[in-house]
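K.L.:
please find the sequence and the predicted model below.
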Amino acid sequence: MPDTVQVPEEYGVGRLFWMTSEAIVVADLHSQEIALWNPAAEQLFGYTPAEALGMPLEVLVPEHLLGDHLAGIRRYRDGGQPVLVGGAAKAVPATTKAGERRDVSLSLTDVSPSGSIRRYVLAIIRDVTAHLRAERELAAANDAMREFIATASHDLRTPLASVLGFGKLLLDDAATSADERRQFAEAIVRGAEGAARLVDDLLTLSQIRAAVLTPRPEPVALAAAVRVACEQAVSSAELVVDESLVVLADPDHLERMLVNYLSNAERYGAPPVHVRAVAVGETVEVRVCDGGPGVPEGFVERLFHSFARASPSRRDGTGLGLSIVKGLAAVNDGRAFYESNDPTGSCFGIVLPAAPS
Amino acid sequence: MKLLLVVEDDDDITMLLRVWLSRDHQLVLDGQATDITGAVVEAQRAPPDLIVLDHRLAGPVTGIEGAAMLKQVAPMAKIVLFSASEEVRGAALAEPAIDAFVLKTRIDELLPTCRRLLGLDAVPSEI
């Protein structure tokens, strides 16, 4: 049995054993040593047949599982019920010669010669590390998508509840005065505008994530673009942007990024709001800074995440503005960043390629 | 007369609840808060018969987390979780301090739910 099949035969079972892409290992459960080791096992674990034959089986087992492994072997060798032997393949962690962890699919069969008191087990082992990693990544992506949809539906339902509720009150003539009717109508408009903003932002974000948002980069005079964005988004701001600065970016994307930053400074920050830009090598750095309370330290890491809000009570934005800036900066070969302002407040920045002169 | 406490941090939804619930003259809105801390203070000041509680509130404590704190200071109060998150319905109904869940976009269900919990007539006195 096992100790007779150590050399490949040109044809037959030995050849299959030698050529298969599955790692095949036979272990003697009494000595707990490896009795048979094929080239695929060498490829998976890194031990040559010369190193592997006679090697304790436990060398392949991660330290934290060693106790369970040895107890299982003892139990089975002494006639106990098998847990893995003869059952379906199971994914377990294993250790290579280089000390790397691999996830392997392990299928065990008892191949003890009849009448022998010694017990041998044949293991067919397949490396499923990449497969399991892909599964974990897919599960994490699904979780993130579920969370995203749950948050988006919550944030859509809040303004819709306002639209529905006040609409029904108006239909029921529940307003007691013209002023109250006007209040109800204004609340409906606010709710509808909020829902529309969220839908627009969700669409932009989904285009960014699906990599279907194609920028049309062109040289854009930065000072003029900043002035246009300021007119849309802030009551007042001090601009320190040299008229000679020209960036290479999609002008619509640049405007959206600046407006998002400036709107945040207006909503969550405090005066004075400054916009500063400097050329750094072949790039231009633009910073929108305010004198507000700044971003809580524990929140900085999540600032650019979708639906991230430092305070859940601040619902006047969609919670997507900064993740959109990050995405737009990236598709324009730039990046978005945050710094705390000195002595107080926030600085949100983008780095964009400078247009060739 | 039954006293109501509304715990909600969205100004428009607070106004909507004030108007919507005032259509039943047996209900009196006696307190408002935007977070659990404020709600506990309000509930101590004037123990309500019913609390309409949002889930995602200002402050670090959610509605589901804060419901038990409210029940402690107002043990006789019934609590309706009024949330825009359908996803929290199961967790809300599993919380012993919460008596009912109403989705914000199903506001038609709010008054009948409040009346049922308060043991009032099936039909509101005036709508």
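P.N.:
Arrived safely, thanks for sending. Bear in mind that the values here come from a model prediction, so they are computed numbers and not experimental data.
K.L.:
contact residues of chain B facing chain A?
P.N.:
B:9-10, B:12-13, B:15-16, B:19-20, B:23, B:34-35, B:56-59, B:84-87, B:103-105, B:107-108, B:127 (C-beta under 8 Å from any C-beta of the partner chain). Quick note: C-beta positions are derived from backbone N, CA and C, even for glycine.
K.L.:
list only those of those residues flagged as buried.
P.N.:
B:9-10, B:12-13, B:15-16, B:19-20, B:34-35, B:56-59, B:84-87, B:103-105, B:107 (16 or more other C-beta atoms under 10 Å in any protein chain shown).
K.L.:
strands along chain B, start to end?
P.N.:
Using DSSP state E, the strands of chain B run over residues B:2-7, B:27-33, B:50-53, B:78-83, B:100-103.
K.L.:
same question for the stretch 201-350 of chain A.
P.N.:
Residue ranges of the strands in the stretch 201-350 of chain A, as given by DSSP state E, counting those that start in this stretch, are A:218-221, A:238-240, A:246-249, A:274-280, A:283-289, A:335-340, A:346-353.
K.L.:
re the thing from before, let's see which of the buried ones among the residues of chain B next to chain A end up in helices.
P.N.:
Assigned to helices by DSSP state H, the following of those qualify: B:12-13, B:15-16, B:19-20.
K.L.:
how about residue A:56, what does it touch?
P.N.:
Residues in contact with residue A:56 (C-beta atoms under 8 Å, 6 or more residues apart in numbering or on different chains) are A:32-34.
K.L.:
ok, residue B:29 next?
P.N.:
Contacts of residue B:29 (C-beta under 8 Å, 6+ apart): B:4, B:6, B:17-18, B:21-22.
K.L.:
please name the nearest non-neighbouring residue to it.
P.N.:
Nearest non-adjacent residue to residue B:29, counting by C-beta to C-beta, 6 or more residues apart in numbering or on different chains: residue B:4, 4.9 Å away.
K.L.:
switch the ones in helices among the buried ones among the residues of chain B next to chain A over to CSV; also include pLDDT and distance to residue A:153.
P.N.:
CSV is the format used below for those (pLDDT from 0 to 100; distance: C-beta to C-beta, whole Å):
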residue, pLDDT, distance to residue A:153
B:12, 94, 18
B:13, 96, 16
B:15, 95, 23
B:16, 96, 19
B:19, 94, 25
B:20, 95, 22
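K.L.:
what stretches of chain B score poorly on pLDDT?
P.N.:
Along chain B, the model assigns pLDDT under 70 to residues B:121-127.
K.L.:
what's residue B:61 sitting at in phi/psi?
P.N.:
phi -100, psi 130 (degrees, to the nearest 10).
K.L.:
not counting sequence-adjacent ones, nearest residue to it?
P.N.:
Nearest to residue B:61 is residue B:36, by C-beta to C-beta, 6+ apart, at 4.1 Å.
K.L.:
neighbours around that neighbour, how many?
P.N.:
Using other C-beta atoms under 10 Å in any protein chain shown, residue B:36 has 22 other residues around it.
K.L.:
quick check, it in contact with residue B:69.
P.N.:
Yes - taking C-beta atoms under 8 Å as the definition, residue B:36 is a contact partner of residue B:69 at 6.2 Å.
K.L.:
overlap in contacts of those two?
P.N.:
With C-beta under 8 Å, 6+ apart as the test, residue B:36 and residue B:69 both reach residue B:61.
K.L.:
re the thing from before, min pLDDT across the contacts of residue A:56, which one?
P.N.:
Of all these, residue A:32 has the smallest pLDDT value, namely 88.
K.L.:
residue contacts, the nearest residue in space to it that is not next to it in sequence?
P.N.:
Excluding the flanking residues, the one nearest residue A:32 by C-beta to C-beta, 6+ apart is residue A:57, at 5.2 Å. Residues counted as contacts of residue A:57 (C-beta under 8 Å, 6+ apart) are A:27, A:32-34, A:73.
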